[in-house]
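Build me a model from this:
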Amino acid sequence: MAQGDTGIKAISLQRLTLFKALQDIYNAATFLGINDNAVSATKLQTARNIDGVAFDGTADITLPTKVVQLWKDVSGEPAATHWYAEAAKTTEVTTFDAAKIYINMTDNQVMYWDGTQLVTVVAEDSTPRIPMSMKGAANGVAELDSNGLVPSSQLPSYVDDVIDVFAEKSGDPEAWHLYTDSTKATEVTGETDKIYVATNMTTDGIFRYSGTQFVQVASTVSTAEKAVADQNGDVIDTTYVKKETGKRLMTDEEGTELATLWSHDYTEATENEIRALFDSTTLATYDAAHAEP
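Next comes the predicted model:
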């Protein structure tokens with residue numbers, strides 16, 4: 001190198017521009033840009049499985065059939081079930097796969113292979129069925145509990161609706177009135193097909209509602225206890241002093257006169273004074289019953 005030569009050769013701007021253009025052409029034909037896509041690919045570097053089938057991009061693949069249609073035929077002696085791949089029953093199917101679903105086209109049933117046999121999982125036939133929405137619903141069907149019985153909530157009221165009440169006969173004309181308790185704060189509104197039991201009555205305390213009024217279910221003397229009780233169930237004994245309004249044997253005026261005699265001392269009353277309190281019919285009946293033979 002000659003003295004004063006620095007080793008640096010000047011490149012003209014024209015040559016530098018030409019180099020850059022040639023380099024760009026080369027790069028475009030050889031390399032993909034950062035955001036560019038390959039025009040085509042003949043094979044994946046790593047093959048991938050699609051539904052169990054390997055795919056590397058070099059060829060089309062066929063996915064396995066997951067749902068298989070079968071037609072049934074029962075024949076032979078003894079009778080046995082045979083499955084076919086078409087309705088004409090030409091090709092018999094003898095090999096099954098647990099990964100597939102089989103449609104029984106003959107009976108419209110869905111089946112699967114459990115390793116030893118085809119098992120029906122869904123059955124659709126002509127048998128009438130009740131929708132689930134009708135269970136326990138109005139105009140539907142009653143349900144059964146764990147004991148196999150219909151729940152009381154789904155039974156008619158007359159089957160098991162027995163209501164405790166407090167009963168009282170009052171009014172003009174007299175009629176039975178039922179209350180929720182002895183305070184008589186709330187009167188019971190009658191309903192047909194229900195049984196009402198008066199807890200304050202020892203006898204004949206069962207009532208039904210006729211639609212207009214409460215009626216005693218039983219009103220006959222059937223036991224010794226009933227025979228010595230009044231209509232409200234109160235026992236008639238030596239201490240019985242109850243007086244029912246309107247059911248006495250004498251008028252209010254006669255009762256006042258008798259009370260006057262008792263207040264003075266009944267031992268002072270003469271027989272004629274006592275007899276004067278009663279009418280001739282009552283006296284005749286008494287005398288006849290106590291006449292000497």
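
Could you list the low-pLDDT ranges of the stretch 51-200 of the chain?
122-128, 156-160 (pLDDT under 70).

ranges for the strands of it?
53-55, 67-75, 80-84, 92-93, 101-104, 109-113, 118-123, 162-170, 175-179, 195-198 (DSSP state E, counting those that start in this stretch).

As CSV, the ones you listed with distance to residue 187 would be great.
Just so you know, the C-beta spots here come from the backbone N, C-alpha and C atoms, and that holds for glycine as well. Formatted as CSV, the strands of the stretch 51-200 of the chain follow (distance: least, Cβ to Cβ, whole Å):
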stretch, distance to residue 187
strand 53-55, 82
strand 67-75, 70
strand 80-84, 72
strand 92-93, 78
strand 101-104, 66
strand 109-113, 62
strand 118-123, 57
strand 162-170, 10
strand 175-179, 6
strand 195-198, 12
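
would you list the ones you listed in JSON lines and tack on distance to residue 217 and mean neighbour count?
As requested, the strands of the stretch 51-200 of the chain are exported to JSON lines (distance: least, Cβ to Cβ, whole Å; neighbours: other Cβ atoms under 10 Å):
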{"stretch": "strand 53-55", "distance to residue 217": "82", "mean neighbour count": "11"}
{"stretch": "strand 67-75", "distance to residue 217": "63", "mean neighbour count": "14"}
{"stretch": "strand 80-84", "distance to residue 217": "64", "mean neighbour count": "15"}
{"stretch": "strand 92-93", "distance to residue 217": "72", "mean neighbour count": "13"}
{"stretch": "strand 101-104", "distance to residue 217": "61", "mean neighbour count": "18"}
{"stretch": "strand 109-113", "distance to residue 217": "57", "mean neighbour count": "18"}
{"stretch": "strand 118-123", "distance to residue 217": "52", "mean neighbour count": "12"}
{"stretch": "strand 162-170", "distance to residue 217": "12", "mean neighbour count": "16"}
{"stretch": "strand 175-179", "distance to residue 217": "11", "mean neighbour count": "18"}
{"stretch": "strand 195-198", "distance to residue 217": "8", "mean neighbour count": "19"}
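
residues in contact with the residue nearest to residue 47 when sequence neighbours are not counted?
In this structure, residue 47 finds its nearest non-sequential neighbour in residue 56, 3.8 Å apart by Cβ to Cβ, 6 or more residues apart in numbering. Neighbour list for residue 56: 43-44, 46-48 [criterion: Cβ atoms under 8 Å, 6 or more residues apart in numbering].

From these, which land in helices?
In helices, judged by DSSP state H, none of these are found.

Let me have these in CSV, extended by pLDDT and distance to residue 198.
Output for the contacts of residue 56, formatted as CSV (pLDDT from 0 to 100; distance: Cβ to Cβ, whole Å):
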residue, pLDDT, distance to residue 198
43, 79, 97
44, 79, 92
46, 84, 90
47, 86, 90
48, 88, 85
